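*Asks:* sequence and predicted structure are below.
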Amino acid sequence: MSWVSGPGGAGSVAAAVALGPRLLLADEASEESGAALRRAVKGHGVAAVMSTSAPTVAARADAVVFLRDGGVVDMVAGAGPEVISDCLERSGRSCQDRGRDAGHRGPEDPRRNCTDPSLS
């Protein structure tokens, strides 16, 4: 496991990948480091978990998990920045109404990870 933090960008990700980890953790990923993480996942088979408040960076991920008070409140997969922004603006309310076309995994999908029953 390697940890990438701060504004180091692609250089920090490349240095971490050079260590041969199976998992990269990135704190507050930027556009540059988000792109580098995507390349590491595709090109090196590395798993990556990143935190970010930037919808354009989050949109590079295969799936986005929304947390509130340490718990999972929603998840979208394959969503663009607009859907992710909408989800963030809802302050933890479900993104279900955006529908499956936006990549949301609704409650009928067993892969959905919502734990708050009030979101159904």
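*Replies:* Looks like it arrived, so ask away. Residues are numbered from 1 along each chain as shown.

*Asks:* which stretches in this structure count as strands?
*Replies:* 2-5, 23-27, 47-50, 63-68, 71-77 (DSSP state E).

*Asks:* can you lay out these as a markdown table showing distance to residue 37, mean pLDDT and mean neighbour count?
*Replies:* The C-beta positions use only the backbone N, C-alpha and C, and glycine is treated the same way. Output for the strands of the chain, formatted as a markdown table (distance: least, C-beta to C-beta, whole Å; pLDDT from 0 to 100; neighbours: other C-beta atoms under 10 Å):
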| stretch | distance to residue 37 | mean pLDDT | mean neighbour count |
| --- | --- | --- | --- |
| strand 2-5 | 8 | 77 | 18 |
| strand 23-27 | 6 | 93 | 18 |
| strand 47-50 | 5 | 94 | 18 |
| strand 63-68 | 13 | 89 | 16 |
| strand 71-77 | 17 | 88 | 19 |
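
*Asks:* rebuild those as TSV, extending it with distance to residue 38.
*Replies:* What follows is the strands of the chain, written out as TSV (distance: least, C-beta to C-beta, whole Å):
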stretch	distance to residue 38
strand 2-5	13
strand 23-27	11
strand 47-50	8
strand 63-68	13
strand 71-77	15
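
*Asks:* which ones are touching residue 53?
*Replies:* Neighbouring residues of residue 53 by C-beta atoms under 8 Å, 6 or more residues apart in numbering: 28, 88.
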